[in-house]
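Asks: The following comprises the amino acid sequence and a computationally predicted model.
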Amino acid sequence: MKIAKVVVDVAASPIDSALDYEIPEHFQDIVQAGIRVIVPLGPRKVMGFVVGLTNHSEFDQLKPIQEVMDYTPILTKELINLSSWLRQETLCFRISALQAMLPAVFKASYDKEVWLLDEMDSLPASLQKAAGGREVFPFNDLSEAGLTDSQVKQYIKGQLIDIKYVVKGKNRVKTYTAVKKAVDDVNILEELEHLSLNAKKQREVLTYMLHQDEPILLKELTEELNTTKGPIDSLVKKGLLTMVKQEVYRDPFETKEHQSTKPLSLTELQQKAIEPILDSINETYYQTFLLHGVTGSGKTEIYLQSIQRVLDLGKEAIVLVPEIALTPQMVSRFKARFGSDVAVLHSGLSQGEKYDEWRKIHRKEVRVVVGARSAIFAPFEHLGIIIIDEEHEQTYKQEDYPKYHAREVAKKRASDHHCPVVLGSATPTLESYARALKGVYHLLELTERVNEQAMPEVEIVDMRQELLQGNRSMFSETLTDKINERIERKEQVVLMLNRRGYSTFVMCRECGETISCDHCDISMTYHSKQHKLKCHYCNDERPMPQICPNCESDAIRFFGTGTQKVEEALNLHFPNAGIIRMDVDTTSRKGAHEKLLEKFGNGEADILLGTQMIAKGLDFENVTLVGVIAADSMLHLPDFRASEKSFQLLTQVSGRAGRHQLPGEVVIQTYTPEHYSVELASQYDYEAFFNKEMQVRRQFQYPPYYYLALINISHDNHVEAVKVANEAANIIATHTTGNCQLMGPTPSPMLRIKDRYRYQCMLKYKRREDVDQALESVLNHFQKQINKSQLQLTIDLEPYHFM
DNA sequence: TTGCTCAATGGA
DNA sequence: CCATTGAGCAAC
């Protein structure tokens, strides 16, 4: 008997392995690994992935596969194996791993339907009411009509109704309706003679179609002839024309023209850097390269030429870019070189658009994919290279299950495909750079900029001094002067503000009461546009109070420095300057991000003010000044990577100035000018920063010296949360082996979010084997409680977020 | 995760 | 006495 191994769409530990199903005769030729099927599971029907075929099963009573959802596999063998690996690596369910690899449209949705088995009139009144004349209707309509569960149960028993489980896929192909001739021209001419004189539009349509041998889109036709669907429908009825469905891609970039580019000649340094990569491509061996190059050192050209080599060999390439950098400019650099060979995947696309881009890869219509994190799962079968640009970006780590890091997946895939991984960054993560120095990765250094321009001069301003000298504004004298200079010279300024930790909070000046969220331990943030207070964690909002809720004084004000407030201050200090503000509020609408940048690029404003999002990838030739309003804002976060993040951010934002002819300048305002992150960033000294920070990491036993596992515990009930956290810590402590250290349990930096109390344990370890047992034990021990009480317990290996 | 069974609870 | 609730468990 032919048997299929199926991973069903139920995220639960007892069935977290492939189940065996019989393949019925009529599906024998169709069922293969990588397709989706619908299978019975207990009393229900669920979607599942076929992950393999076999002849034997430990079970003798196998249920048959009920339905086949795909006729060609949507997962390759490699990806199926990768899902097992991902499950082990991130401690997620196999089904979650599989789903992470596919666009969301492949997620099944489930409907429960009620089927009437008896004549309508003979049914109880309540059932008739629920049915509303329908033979089949949604299950939910039963309870809406006021039927209780036990009533429903009786009806099922009494064979009045039946419940059917329906599994639906959402992967719809977008089609347009097109019109084409159904008969020969002779017949059309004949019809034209007989056509009633009143049918003016029909005549027009027919005459037009006479010269139209290809199908024409319905929309185009009606627009062209200024008519409606009516006359065309009549002609279809007469059998003269037919409507056909044409499959189209929802290509968001299709309309844009890309000026094609040729490979540039490489500098000596670039040449030296690219050669080992090309070797690895040619000789098909796996190797991870760390391409360490300052901004403007020509990393992209190395990527492009490596990809070209891969394509020449008939293979495929994946390029990962941080979400935020996936702008049309970025994409067009790849499209300009490789034309229609490129698919783009990022979160800004609609579900349908993502599906279409994925299909281009699946059908082998493209050989290069440029995308954000999840593009690492592109279903290529002949990978020749994987490139991760801005390797240090946090966005490569997925925050929900499966909590994978794209870099690790890349290494795994590349080793399966015997091809290189290239990690590029001006400020690599300590982990990567340490590995490169140890020889685990192959280090490639690009120490010079292609145009041989110096990096912009950085000036650090001590804001404490400013305050002492009586300057209480948020702009130092230096920054103010320099901004004025640029406005006069018609040059442009980029100002960055880290909102985090510096948002506008509301406080009463009389009694000191601050307004914090009812559900989270955080003060609410004031949004002037809507004149409302919002919580950034749970999205709760409320109107800005007129009087203090505590003492009823009207002296209630907002404090702190949000982008909105800086904008107001800018308007005050530089009344003649045009300002564009970019933050979550102004860029939430689709395409708003690009529009604002375009405006700035066209010189429609003097100052671009924004959060971190402006630190990346901006390239405007007229920008000659970059200002950082408060460099320390992220230095004091409860995160051992705070210094590293600051250094990266400051280095990156500095690179926005003077990228072309005009020389650039950078002003960093800070309250801690002596901090090594600030100081070394201003000197562009990565090596020194690396050495200094490595000492700190070694002292406190953080990565890259130790690996981390973060066990997050949260519960509605504070006491219960503490109890579980302690219990978890005990279990972990008794099950670890070798060199491990358990920290905690401690309250999370944000003790309460959305009315849940949060605790964490951190486990430091050297070898995964030493903690595997402990982690498994904790998960097993709390499994039941996780299912039915308010408890949540998650494990994050190599965590990036500690809040 | 969902749905089923069985036992306990409780109102009338 | 029966309906409702919840704990426990199985799912190829």
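Replies: Noted; the coordinates are in hand. These figures come from a predicted structure and were not determined experimentally.

Asks: Which of the three states applies to the residue nearest to residue A:13 when sequence neighbours are not counted?
Replies: The shortest distance from residue A:13 to any residue that is not its chain neighbour, by C-beta to C-beta, 6 or more residues apart in numbering, is 5.8 Å, and that residue is residue A:783. Where you see a C-beta, it was placed from the backbone N, CA and C, and this is true even at glycine. What DSSP: H, G, I helix; E, B strand; the rest coil gives for residue A:783 is helix.

Asks: and residue A:783, how many neighbours does it have?
Replies: One way to gauge burial is a neighbour count; for residue A:783, by other C-beta atoms under 10 Å, it gives 13.

Asks: Distance of it relative to DNA strand B?
Replies: In this structure, residue A:783 lies at 8 Å from DNA strand B, with C-beta to the nearest atom of the strand, to the nearest Å as the measure.

Asks: and the residue nearest to residue A:735 when sequence neighbours are not counted, helix, strand or coil?
Replies: Closest residue to residue A:735 in three dimensions, ignoring its sequence neighbours and counting by C-beta to C-beta, 6+ apart: residue A:774, at 3.7 Å. Judged by three-state DSSP, the three-state class of residue A:774 is helix.

Asks: what's near enough to touch residue A:774?
Replies: For residue A:774, the residues meeting the contact criterion (C-beta atoms under 8 Å, 6 or more residues apart in numbering) are A:731, A:732, A:733, A:734, A:735, A:736, A:740, A:763.

Asks: Surely the third one forms part of a strand?
Replies: No: if the criterion is three-state DSSP, then residue A:733 is helix and not within a strand.

Asks: For it, give me its contacts.
Replies: When contacts are counted by C-beta under 8 Å, 6+ apart, residue A:733 is found next to A:742, A:774.

Asks: So what pairs up with residue A:763 in the strands?
Replies: Per DSSP bridges, residues listed as beta-bridge partners of residue A:763: residue A:709, residue A:742.

Asks: Near it, how many other residues are there?
Replies: Neighbourhood size, residue A:763 [other C-beta under 10 Å]: 26.

Asks: wait, isn't it in contact with residue A:706?
Replies: No: at 9.3 Å, residue A:763 and residue A:706 do not qualify as touching, with contact defined as C-beta atoms under 8 Å.

Asks: what touches both of these two?
Replies: Where contact means C-beta under 8 Å, 6+ apart, the residues bridging residue A:763 and residue A:706 through contact with each are residue A:741.

Asks: Could you look up the SS state of the residue of the stretch 201-350 of chain A found nearest DNA strand B?
Replies: Residue nearest to DNA strand B within the stretch 201-350 of chain A: residue A:347 (24.0 Å; C-beta to the nearest atom of the strand). With three-state DSSP as the basis, the three-state label of residue A:347 is coil.

Asks: Quick check: it touching residue A:322?
Replies: No: in this structure residue A:347 lies outside contact range of residue A:322 using C-beta under 8 Å: 11.3 Å.

Asks: Which one's more surrounded, the two?
Replies: Counted by other C-beta under 10 Å, residue A:347 and residue A:322 do not tie: residue A:322 has more neighbours, with 21 against 12.

Asks: List the single closest residue to that one in space, sequence neighbours excluded.
Replies: Once chain neighbours are set aside, the closest to residue A:322 by C-beta to C-beta, 6+ apart is residue A:393, at 4.1 Å.

Asks: Now the closest residue to residue A:801 other than its chain neighbours: phi and psi?
Replies: With C-beta to C-beta, 6+ apart as the measure, residue A:399 is the residue that lies nearest to residue A:801, at 6.3 Å, once sequence neighbours are left out. The phi and psi values for residue A:399, taken as degrees, to the nearest 10, are phi -90, psi -20.

Asks: again with residue A:112
Replies: Backbone geometry at residue A:112, expressed as degrees, to the nearest 10, gives phi -110, psi 130.

Asks: rewinding a little: nearest to DNA strand C, of the contacts of residue A:774?
Replies: residue A:731 (19.5 Å).

Asks: Measure how buried that closest one is and give me the count.
Replies: Residue crowding around residue A:731 was assessed by other C-beta under 10 Å; the count is 20.

Asks: Could you check how far it is from DNA strand B?
Replies: According to C-beta to the nearest atom of the strand, residue A:731 stands 20 Å off from DNA strand B.

Asks: Would you agree that residue is in contact with residue A:778?
Replies: Yes: using C-beta under 8 Å, residue A:731 is in contact with residue A:778, at 5.2 Å.

Asks: Just give the nearest non-adjacent residue to the residue of the stretch 501-650 of chain A found nearest DNA strand C, would you?
Replies: For the stretch 501-650 of chain A and DNA strand C, the shortest gap (C-beta to the nearest atom of the strand) falls at residue A:519, measuring 24.4 Å. Take residue A:519 and drop its neighbours on the chain: the residue closest to it by C-beta to C-beta, 6+ apart is residue A:755, 4.7 Å away.

Asks: how deep is that neighbour tucked in, by neighbour count?
Replies: Here the neighbour count serves as a burial measure; for residue A:755 (other C-beta under 10 Å) it reads 13.

Asks: Hmm, it is touching residue A:716, no?
Replies: Yes: assessed by C-beta under 8 Å, residue A:755 is found in contact with residue A:716 at 6.6 Å.

Asks: how many other residues sit next to the residue nearest to residue A:322?
Replies: 24.

Asks: how far away is it from residue A:648?
Replies: Residue A:393 sits 9 Å away from residue A:648, taking C-beta to C-beta, to the nearest Å as the criterion.

Asks: helix/strand/coil for the residue of the stretch 351-500 of chain A found nearest DNA strand C?
Replies: With C-beta to the nearest atom of the strand, the shortest gap between the stretch 351-500 of chain A and DNA strand C falls at residue A:401, namely 17.6 Å. Each residue gets one of three states, and residue A:401 gets coil by three-state DSSP.

Asks: residue contacts, it?
Replies: With contacts defined as C-beta under 8 Å, 6+ apart, residue A:401 is in contact with A:90, A:92, A:93, A:96, A:794.

Asks: how about a cut-off of 6 Å?
Replies: Shown in contact with residue A:401 (C-beta atoms under 6 Å, 6 or more residues apart in numbering): A:92, A:96.
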